[in-house]
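Q: mind folding the following:
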Amino acid sequence: MKRKTKLIHGGIQGDPHTGAVSVPIYQVSTYKQEEVGVHKGYEYSRTGNPTRFALEELIKDLEEGVRGFAFASGMAAINGVFTLFNSGDHVLLTDDVYGGTYRIVSKVLNRMGISATFVDTTDLEAVKKAIQPNTKALYIETPTNPLLKVTDLKAAAALATEHNLLMIVDNTFSTPYWQTPLALGADIVLHSATKYIGGHSDVVAGLVVVNSETLAEDLHFVQNSTGAVLGPQDSWLLIRGIKTLGLRMEAHEKNAAQIAAFLENHPAVSKVYYPGLKSHAQHELAKRQSGGFGGMISFDVGSAEKADEVLRRVHYFTLAESLGAVESLISVPARMTHASIPEERRAELGITPGLMRISVGIEDVEDLIADLTEALK
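A: As a prediction, this is how the structure comes out:
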């Protein structure tokens with residue numbers, strides 16, 4: 001089954017009871033049992049809901065895994081995955097991960113005795129040197145947020161296997177339409193489904209897919225125990241959003257390629273980060289590893305003051321948190337998505353005060369370029 005067909009026909013189709021083409025929204029908390037423990041597969045919606053299960057089956061098929069899980073947010077999904085570890089365990093993470101990931105690891109999980117080291121996962125020798133006797137997992141974000149660095153997933157998976165580590169991949173930027181980390185050797189893949197998978201700025205959700213029944217049982221136990229599950233209405237919205245994911249991702253990328261080329265040649269921009277540019281350090285790897293380069297671009301205008309001037313002058317780029325929606329968004333990572341990372345750490349990573357991140361929407365690209373042209377004068 002081809003990718004666009006799988007987006008429509010993957011998972012569970014319609015409703016066999018009524019013939020409805022769309023999976024119904026089962027807005028229900030509990031289910032009738034014929035006898036104690038005798039039911040039709042559902043007993044309580046924290047444990048399982050038919051609409052949520054349809055979404056979980058769909059993302060499982062798209063990511064080519066064994067089982068999918070839908071959480072109440074991307075951070076709930078990340079927390080659920082990290083809850084698989086124990087006090088005393090150590091985890092390696094990509095150095096410029098999303099600020100929320102950095103925050104939960106450095107300010108929440110550390111209280112529970114889970115330690116972490118942040119390392120440039122594009123440098124596998126550095127990763128190898130950072131492995132400790134108690135290291136249990138390698139957590140990779142690729143492309144990264146906001147510097148769009150790309151990690152070689154096949155090579156990283158081989159290293160993880162060699163050292164008996166779980167490999168976890170945040171696939172939010174690429175989505176399963178462009179990249180399937182489990183097929184490249186990862187054990188767990190996760191998404192902030194709030195972003196491209198939902199695609200319309202109207203739902204907050206997280207998704208996880210695992211590659212084994214053992215991990216599936218362990219993560220379901222965590223999900224059911226902690227209860228941060230996605231509701232049926234939001235599950236249905238994601239199923240609907242996924243149907244157009246292929247069309248949207250192609251439109252995002254087509255616009256992003258033209259805007260990245262425009263920015264790279266603009267005198268007011270000192271640096272552009274986009275894997276689709278030949279100047280990108282991992283361009284060839286990105287081309288080999290993924291089906292597309294995505295719709296995220298970061299660029300540096302030199303200072304916070306200049307960034308603020310750009311923000312005041314744009315019309316079609318909305319200043320807002322989040323990304324991956326049909327409308328174009330713009331942000332300043334140092335003061336927004338990555339503000340929770342200490343200033344000195346941001347400086348080390350290259351998240352400068354003048355760094356801007358745009359989530360390129362599906363508007364007419366000529367309007368978007370004209371908007372940026374005016375803003376960058």
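Q: tell me the mean pLDDT for stretch 209-219?
A: Here stretch 209-219 scores 98 as its mean pLDDT.
Q: so what touches it?
A: With C-beta atoms under 8 Å, 6 or more residues apart in numbering as the test, stretch 209-219 has contacts from 59-60, 63, 65-69, 80-81, 84, 182, 186-190, 208. C-beta: built from backbone N, CA, C; applies to glycine.
Q: quick one: pLDDT of the residue nearest to Lys107 when sequence neighbours are not counted?
A: Nearest non-adjacent residue to Lys107, counting by C-beta to C-beta, 6 or more residues apart in numbering: Ser340, 8.0 Å away. Each residue has a pLDDT score; the one for Ser340 is 79.
Q: surely Ser340 touches Tyr98?
A: No. Judged on C-beta atoms under 8 Å, Ser340 makes no contact with Tyr98 at a distance of 9.7 Å.
Q: ok so, going back, burial of the residue nearest to Lys107, as a residue count?
A: Ser340 has 14 neighbouring residues, counting by other C-beta atoms under 10 Å.
Q: residues contacting it?
A: 99-100, 102-103, 107.
Q: ok, of those, which one's closest to Asn164?
A: Distance to Asn164 across the contacts of Ser340 (C-beta to C-beta) is lowest for Tyr102, with 25.3 Å.
Q: return the distance of the spatially closest residue to the closest one that is not a sequence neighbour relative to Tyr177.
A: Excluding the flanking residues, the one nearest Tyr102 by C-beta to C-beta, 6+ apart is Ile341, at 5.3 Å. Ile341 sits 29 Å away from Tyr177, going by C-beta to C-beta, to the nearest Å.
Q: what's the nearest residue to Lys4 if we skip its chain neighbours?
A: Nearest residue to Lys4, sequence neighbours excluded (C-beta to C-beta, 6+ apart): Gly246, at 4.3 Å.
Q: hmm, back to that, and the contacts of stretch 209-219, which of them are in helices?
A: In helices, judged by DSSP state H, the following of the contacts of stretch 209-219 are found: 59-60, 63, 80-81.
Q: so which of the residues you listed wins on neighbours?
A: Most crowded among the ones in helices among the contacts of stretch 209-219, counting by other C-beta under 10 Å, is Glu63 at 28 neighbours.
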